[in-house]
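# Based on what follows, work out the 3D shape:
(chains A and B)
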Amino acid sequence: MAGATITHAVHNRLAINRLGLWLFIISESFLFSVLLSSRYFLQGVRRPEEVNQPLGLAISIVLLLSSLTAYRGEMAAAYGEQRRFRQNILFTIGLASLFLVGVGIEWKEAFHFFPPSSGYGTLFFTLTGVHAFHVLTGILALLVVFFLGRDGRFTKGNYWGVEGVVKYWHFVDVAWVFIYPTLYLVS
Amino acid sequence: MRAQRSGPKSKPELGAKMRLGLVVFGVLMAIEIIEYLVGTSVRAGAWPFLAILAAIGAWPIVRYFMHIPQLWQREE
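This is a model prediction of the structure:
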């Protein structure tokens, strides 16, 4: 009887954690939705010719690849494969950093062709800037998970920390799936 | 109290999950490349297609990587 009560309480805790995170993700998606809609409201579908489309595709692929490694890291943690978990989280951090380098290159070019003072520049730098900030916070969270994992804090039955951070990371990826065509492809 | 879960988890099961991740990634890559080709080759009026492709691309991430069914299922 007592065992059943404890199991039920534990399940509720996990369900509440997940629900809380999803509510946070939904609230974040409103922020990105507003920023994305502002692009169409202020600029329509106009886009400067100088936008570096191949670089946009390259950094999109890097971010998608980081989602795969994050997923593999979470699955490895779920099945108690500690080494594999840490490796994949480390790959994710590396790919995320590479994405930020790509955004940096893009910004350097963008400053020249459509500076933040121009209409498109305002939208471009706001959208990519807000997203890059999320990437940066995601990297910090992944680093925390990596170091906690190295200390053996996550086990087969207890890896909510990994699951939560990886879910957030996937959300950052989902946001980019919409930002990429909006800024680089629509014309 | 820590959020723990129960149930045995086997290695073949993990292999299947890893393969699923690769399949999802493959689908996402294909969508991304189609999106790029549409965006660079269609000069005007491509935005509805791009919006649909973005939504199609987001769904596998939400469904398989973020495990949204966990919200209404007891345990995955």
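
# give the contact list for residue A:55.
Residue A:55 makes contacts with A:102, A:105, A:106, A:109, as judged by C-beta atoms under 8 Å, 6 or more residues apart in numbering or on different chains. From N, CA and C alone the C-beta is placed, and that goes for glycine too.

# Report the separation between the residue lying closest to residue A:50 once chain neighbours are set aside and residue A:48.
Spatially, and ignoring its direct neighbours in sequence, residue A:50 is nearest to residue A:113 (3.8 Å; C-beta to C-beta, 6 or more residues apart in numbering or on different chains). Look at residue A:113 and residue A:48: by C-beta to C-beta, to the nearest Å, they are 6 Å apart.

# Following element in sequence after the one helix or strand residue A:110 maps to, please.
Assigned by DSSP states H and E, residue A:110 belongs to helix A:82-113. Proceeding N to C from helix A:82-113, the next assigned helix or strand is helix A:119-150, under DSSP H and E.

# That next one and chain B in contact?
No: Helix A:119-150 lies apart from chain B when judged by C-beta under 8 Å from any C-beta of the partner chain; the minimum separation is 12.8 Å.

# name the helices or strands packed onto the following helix or strand past that helix?
Using DSSP H and E, the next helix or strand after helix A:119-150 towards the C-terminus is helix A:160-180. On a contact count with 3 or more C-beta pairs under 8 Å, 6 or more residues apart in numbering or on different chains; DSSP states H and E, helix A:160-180 meets helix A:2-43, helix A:53-78, helix A:82-113, helix A:119-150, helix B:47-60.

# Quick one: low-confidence residue ranges for chain B.
Low-confidence segments of chain B (pLDDT under 70): B:1-9, B:74-76.

# Then chain A?
For chain A, the ranges with pLDDT under 70 are A:1-11.

# Identify the residue spatially nearest to the residue of it found nearest chain B, adjacent ones excluded.
Closest to chain B within chain A is residue A:185: 2.7 Å, counting by C-beta to the nearest C-beta. Spatially, and ignoring its direct neighbours in sequence, residue A:185 is nearest to residue B:39 (2.7 Å; C-beta to C-beta, 6+ apart).
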